[in-house]
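Visitor: I would like to see how this sequence folds:
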Amino acid sequence: MTRNSLPQWSDVGALATAGTVAATIFCCLPFAAGVVGAAVAALGARLMPLRSLFMGLSVASLSYSFYQAYRPGASCSADGCDVAAALRRRRVVVWLVTLAVVAMLTANWWANWAIYWSL
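Guide: Numbering: from 1, shown residues only. Okay, here's the model as predicted:
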């Protein structure tokens with residue numbers, strides 16, 4: 001074997017190794033995503049008996065947030081900040097969080113419909 005033929009064989013070996021690594025990644029990543037999904041589903045099943053407690057805590061937290069955002073005399077601080085802008089921002093955030101919480105609390109009702117019509 002000549003000295004010039006060695007780099008060609010090492011290039012072939014590097015390409016074969018890169019192909020093996022790529023095939024492993026493309027094969028194992030979907031499998032890993034499935035394992036993580038199954039683990040999250042199992043955790044959700046374990047927490048299902050506490051669902052009513054979590055729903056109550058969510059509604060209580062939202063109630064307190066609405067009280068803080070809409071209470072009489074709500075202000076940002078005494079150092080002269082823009083009260084109207086701060087209240088508007090706080091109220092927008094409370095409503096956005098409320099939409100997210102309502103979507104999560106009602107997911108049992110609309111998720112089956114969405115899955116059925118998306119397939």
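Visitor: how many neighbours does Val97 have?
Guide: The burial count assigned to Val97 is 14, neighbours taken as other C-beta atoms under 10 Å. All C-beta spots, glycine's among them, are computed from the backbone N, C-alpha and C.
Visitor: Can you tell me the element Phe26 falls in?
Guide: With the criterion set as DSSP states H and E, the secondary-structure element containing Phe26 is helix 5-47.
Visitor: could you give the angle of the helix or strand where Leu62 lies to helix 5-47?
Guide: Element membership for Leu62, per DSSP H and E: helix 51-70. With axes from the mean of the first three to the mean of the last three C-alpha atoms, to 10 degrees as the criterion, the two stretches helix 51-70 and helix 5-47 enclose an angle of 90 degrees.
Visitor: elements contacting the helix or strand following helix 51-70?
Guide: Using DSSP H and E, the helix or strand that follows helix 51-70 towards the C-terminus is helix 83-105. Helix 83-105 is packed against helix 51-70, with contacts defined by 3 or more C-beta pairs under 8 Å, 6 or more residues apart in numbering; DSSP states H and E.
Visitor: Other residues contacting the helix it packs on?
Guide: With contacts defined as C-beta atoms under 8 Å, 6 or more residues apart in numbering, helix 51-70 is touched by 47, 74, 87, 90-91, 94, 97-98, 101, 104-105.
Visitor: May I ask which two of the residues you listed are separated the most?
Guide: Set against one another by C-beta to C-beta, these have their most distant pair in Leu47 and Leu87, with a gap of 35.5 Å.
Visitor: And these two? Which one has more around it.
Guide: Neighbours were tallied for Leu47 and for Leu87 using other C-beta under 10 Å; the higher tally belongs to Leu87 (15 against 11).
Visitor: separation between the more buried one and Ala69?
Guide: When C-beta to C-beta, to the nearest Å is applied, the distance between Leu87 and Ala69 equals 7 Å.
Visitor: And Ser118, its phi and psi?
Guide: Ser118 adopts backbone torsions of phi -90, psi -20, taken as degrees, to the nearest 10.
Visitor: measure the closest residue in space to Thr98 that isn't next to it in sequence to Leu99 for me?
Guide: If the residues on either side of it in the chain are set aside, Thr98 comes closest to Leu62, at 5.8 Å by C-beta to C-beta, 6 or more residues apart in numbering. Distance, Leu62 to Leu99, by C-beta to C-beta: 11 Å.
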